[in-house]
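Colleague: The following block contains a protein sequence and its predicted model.
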Amino acid sequence: MAILPIVKDPNPILRKKAVKLRKADAGLAKLADDMFETMLVAPGVGLAAPQIGKSIRLVVIHVPEDEEDGTEEVSLKLINPEIIKASGEQYGAEGCLSLPGIAGNVRRAFQVTVKAIDTDNKPVRIKAEGYLAVVLQHEIDHLDGIMFTDRIENPKEDLWMVEVVGVVFVGSRFIRGSRKTRGLARVRFRMTRVMAVRFPGAVLLVAPH
């Protein structure tokens, strides 16, 4: 597997509507594997093909287990994902590997149903809620040329610059640092002005500017 370069904003490919794929083949399965490895190393929990310079409808996702909030580990490689049902509402921090140094609060559906095909050309249907639902919505937005910043309702209050000061955890495997740490998502440490944020772009300790 190869680590791929991640495209950064304002590259115009991030604003294009990605092309629907007819079916998976060995080359596409290899690309999905490379994207998955790239996502983990970045580190992130989701990556869409436009973010590695390919305007096709392919996303990979890895949401790590979190015992505190009951999140189960989920790994997905989805071709032509489409949200066919959405309900409820949630509001929380997001970031993006293509927008380093930026985070913001975004309003999303709390529950979604997504249909797609996998890299074996088998149809899949995913019912997700909470954090996984956010990641799915975030990555599918990328396929339509939408960045999370487009969905921020009040940029003056809900968009901020961040400085990465450390990596908390990256899924079920260890990438940086000396040990894995769980349960720090969305926790603010007011005394040090350091915030642990788990969002679709990454899982990081950040210092708000």
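Modeller: Good, I have the coordinates.
Colleague: Remind me what the lengthiest strand in the chain packs against, helices and strands.
Modeller: With secondary structure taken from DSSP state E, the chain has its longest strand at strand 74-87. Counting by 3 or more C-beta pairs under 8 Å, 6 or more residues apart in numbering; DSSP states H and E, the packing neighbours recorded for strand 74-87 are helix 26-41, strand 58-63, strand 111-117, helix 130-143. In this view, the C-beta of every residue, glycine as well, is placed from N, C-alpha and C.
Colleague: most tightly surrounded among the ones you listed?
Modeller: Among the helices and strands packed on strand 74-87, strand 58-63 has the highest mean neighbour count (mean count of other C-beta atoms under 10 Å), at a mean of 25.
Colleague: which outside residues touch that one?
Modeller: For strand 58-63, the surrounding residues in contact (C-beta atoms under 8 Å, 6 or more residues apart in numbering) are 18, 21, 28, 31-32, 35-36, 39-40, 45-49, 71-79, 81, 131-132, 135-136, 139-140, 142-143, 171-172.
Colleague: go on, stretch 5-12?
Modeller: Looking at stretch 5-12 with C-beta under 8 Å, 6+ apart, the contacting residues turn out to be 13-14, 38, 42, 47, 50-53, 97-100, 147.
Colleague: ok, 10 Å please
Modeller: Outside stretch 5-12, the residues within contact range by C-beta atoms under 10 Å, 6 or more residues apart in numbering are 13-15, 35, 38-39, 42, 44, 47, 49-55, 96-100, 102, 145, 147, 149.
Colleague: Of the residues you listed, which belong to helices?
Modeller: The helices, defined by DSSP state H, take in 35, 38-39 from the contacts of stretch 5-12.
Colleague: Burial check on residue 107, number of neighbours?
Modeller: 12 (other C-beta atoms under 10 Å).
Colleague: What subset of the contacts of stretch 5-12 is buried?
Modeller: Among the contacts of stretch 5-12, those that count as buried by neighbour count (16 or more other C-beta atoms under 10 Å) are 13-14, 35, 38-39, 42, 44, 47, 49-52, 54, 96-99, 102, 145, 147, 149.
Colleague: Which secondary structure element of the protein has the lowest mean pLDDT?
Modeller: strand 187-189 (a mean of 30; mean pLDDT, DSSP states H and E).
Colleague: wait, isn't residue 146 in contact with residue 15?
Modeller: Yes. The criterion here is C-beta atoms under 10 Å, and residue 146 meets it with residue 15 at 8.6 Å.
Colleague: Just put the ones in helices among the contacts of stretch 5-12 in TSV and tack on distance to residue 160.
Modeller: Formatted as TSV, the ones in helices among the contacts of stretch 5-12 follow (distance: C-beta to C-beta, whole Å):
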residue	distance to residue 160
35	28
38	26
39	24
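Colleague: Good, we can wrap up now.
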